[in-house]
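Asker: coords below, sequence missing:
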């Protein structure tokens, strides 16, 4: 059974009595070996996402598939929303041979990354025009393996440092993650364009070009594989083997959730509500962002340069700022700041909708929005990490990170209907208002943390 009160020794509770670090010491944290490892592993985590979602949609549309089919195929991404279902296996089930050699976390990382690489090779060699089902099968393998990698990597990160350093590790992780998204978004399109056989055929689908681009993406996963092999296994509590299958099932599937409810009692629902809606403004708004750019008359080159490259750079800047501020001010204060900035930045999109096509205005809005998103993300991931118990870090974090997308993704499905009825300005104002309850929930959660840490 879970320990009766594990908080003093086993949770990642945020320290209250330690003085703030100097700015020099704060910045030095990013250069520590743990931070560099998380940078490389973050790259491996961010690479597969667009290759089975956004980039794949572009490839399928160029291959002549209709929009409805492409929309249905986006459900491949639901693997990320339900990864908590198999997180207990990643947390507790040793892999024969690999776990003894590498340890529990690195074994699952190596297995999942190898499957991602194999799936990307399969996607590279498959022509969706003649064998769509096989393409979907490979994409499912990549998504499932990528979600599994996320489970193991979150546990690896949480067990690699205390709560005080989680914000900095998150910033390093997000840096690698965002750079991988540039590589898997703008980079793969650039590679495919360079590999086309004849410029005159640039408007048509060329399987050989996409094959070359996806093979390069598969090879890029070697960064993660090499990092896993060269990294030490983080220290974690040794778990005695279960006496029988029923005992193992209870310890792996039931106790991680029961422990959280027992630890926080009546406050657990409040914390789960905050987790479920913290990113709601960003997620709901993000669904209509690309249609908005098209309807406003921005070209593909403008959108790619401003949102895919410059925007990612601003997100990275925000992530580093959020990690540094979390070290100095504490996670809860930065969590409140991130929630406020995320809501306010959506109002800038409402202004842009009224203002009209203006590239400089778009650059300014993207800068503010992505900077806010980076700050909020760094603080939120650090907060989720602080809620986990080290005995169940993979399972509990997978549950939290899945919950933060389910309700916003469901609500975002109606965003197009809202825009059709009321217009973009009203839509963006509405997404900003969705952030108001989040501010109240952060304030209430900070009171819970103050009581449990005191």
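Answerer: Yep, that arrived. The structure displayed is predicted, hence computed values, not measured ones.

Asker: When you work out contacts or count neighbours from here on, use the C-alpha atoms and nothing else.
Answerer: OK.

Asker: Would you map out the domains in this protein?
Answerer: Per automatic domain parsing, the structural domains of the chain span 23-236, 245-454.

Asker: tell me the mean pLDDT for the shortest one?
Answerer: When pLDDT is averaged over domain 245-454, the result is 81.

Asker: can you check the first one too?
Answerer: Mean per-residue pLDDT for domain 23-236: 83.

Asker: So what's the gap between that domain and the chain middle?
Answerer: Relative to its chain's centre, domain 23-236 lies at 11 Å (Cα atoms, centre = their mean, to the nearest Å).

Asker: what's the burial count for residue 126?
Answerer: Neighbourhood size, residue 126 [other Cα atoms under 10 Å]: 20.

Asker: Which residue comes closest to it once chain neighbours are left out?
Answerer: Distances taken as Cα to Cα, 6 or more residues apart in numbering place residue 135 nearest to residue 126, at 6.0 Å, with adjacent residues excluded.

Asker: which other helices and strands contact the helix or strand residue 139 falls within?
Answerer: When elements are assigned from DSSP states H and E, residue 139 belongs to helix 132-158. For helix 132-158, the elements it packs on are helix 33-51, helix 78-81, helix 87-92, helix 104-125, helix 163-182, helix 393-412, judged by 3 or more Cα pairs under 8 Å, 6 or more residues apart in numbering; DSSP states H and E.

Asker: Next, the angle from it to helix 163-182.
Answerer: Using axes from the mean of the first three to the mean of the last three Cα atoms, to 10 degrees, the direction of helix 132-158 lies 150 degrees away from that of helix 163-182.

Asker: Identify each buried residue in helix 132-158, please.
Answerer: Buried positions in helix 132-158, judged by neighbour count with 16 or more other Cα atoms under 10 Å: 135-136, 138-158.

Asker: I'd like the next helix or strand past the helix or strand hosting residue 346.
Answerer: Assignment of secondary structure by DSSP H and E places residue 346 within helix 331-355. Per DSSP H and E, helix 331-355 leads on to helix 359-387 as the next helix or strand towards the C-terminus.

Asker: got the buried residues for that following helix?
Answerer: Result for helix 359-387 [16+ other Cα under 10 Å]: buried residues 361-363, 365-387.

Asker: I'd like to know which elements that helix is packed against.
Answerer: When contacts are defined as 3+ Cα pairs under 8 Å, 6+ apart, helix 359-387 sits against helix 163-182, helix 311-329, helix 331-355, helix 393-412.

Asker: okay, the ones you listed in a markdown table with mean neighbour count and distance to residue 220 next?
Answerer: Formatted as a markdown table, the helices and strands packed on helix 359-387 follow (neighbours: other Cα atoms under 10 Å; distance: least, Cα to Cα, whole Å):
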| stretch | mean neighbour count | distance to residue 220 |
| --- | --- | --- |
| helix 163-182 | 26 | 9 |
| helix 311-329 | 25 | 19 |
| helix 331-355 | 22 | 32 |
| helix 393-412 | 22 | 25 |
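
Asker: Report the separation between residue 140 and residue 175.
Answerer: According to Cα to Cα, to the nearest Å, residue 140 stands 26 Å off from residue 175.

Asker: cool, residue 52 as well?
Answerer: Distance, residue 52 to residue 175, using Cα to Cα: 21 Å.

Asker: go on, residue 429?
Answerer: Taking Cα to Cα, one finds residue 429 at 30 Å from residue 175.

Asker: do residue 309 as well
Answerer: 13 Å.

Asker: same question, residue 43
Answerer: When residue 43 is compared with residue 175 (using Cα to Cα), they lie 8 Å apart.

Asker: likewise residue 113?
Answerer: Residue 113 is 19 Å from residue 175, by Cα to Cα.

Asker: Please apply the same query to residue 193.
Answerer: Distance, residue 193 to residue 175, by Cα to Cα: 26 Å.

Asker: Contact partners for the nearest residue to residue 320 once chain neighbours are set aside?
Answerer: Spatial nearest neighbour of residue 320, excluding adjacent residues (Cα to Cα, 6+ apart): residue 171 at 5.1 Å. Contacts for residue 171 (Cα atoms under 8 Å, 6 or more residues apart in numbering) come out as 316, 319-320, 322-323, 378.

Asker: And residue 38, by the same measure?
Answerer: Residue 38 is in contact with 157, 169-170, 172-173, 176, counting by Cα under 8 Å, 6+ apart.

Asker: now the end-to-end length of stretch 47-57.
Answerer: Termini of stretch 47-57 sit 15 Å apart (Cα to Cα).

Asker: which outside residues touch that stretch?
Answerer: Residues from elsewhere that reach stretch 47-57, judged by Cα under 8 Å, 6+ apart: 70, 74, 76-77, 116, 139, 142-143, 146, 177, 180-181, 183-185, 188-189, 217, 221.

Asker: by contact count, what packs against the helix or strand harbouring residue 263?
Answerer: Using DSSP H and E, residue 263 sits within helix 255-264. With contacts taken as 3+ Cα pairs under 8 Å, 6+ apart, helix 255-264 sits against helix 393-412.

Asker: what helices or strands is the helix it packs on leaning on?
Answerer: helix 78-81, helix 87-92, helix 132-158, helix 255-264, helix 268-277, helix 280-287, helix 359-387.

Asker: And the next helix or strand past it?
Answerer: Sequence order places helix 415-422 as the next helix or strand after helix 393-412, per DSSP H and E.

Asker: Of all the residues in that next one, which ones are buried?
Answerer: For helix 415-422, by 16+ other Cα under 10 Å, it's 415, 419.

Asker: Could you report the neighbour count for residue 93?
Answerer: Residue 93: 14 surrounding residues under other Cα under 10 Å.

Asker: One more: the one 10 residues further on?
Answerer: When neighbours are defined as other Cα under 10 Å, residue 103 has 17 of them.

Asker: Kindly list the main-chain dihedrals of it?
Answerer: Dihedral pair for residue 103: phi 100, psi 160, per degrees, to the nearest 10.

Asker: got the contact list for it?
Answerer: Counting by Cα under 8 Å, 6+ apart, residue 103 makes contact with residue 233.

Asker: Please apply the same query to residue 107.
Answerer: Applying Cα under 8 Å, 6+ apart, we find residue 107 in contact with 95, 98-99, 101.
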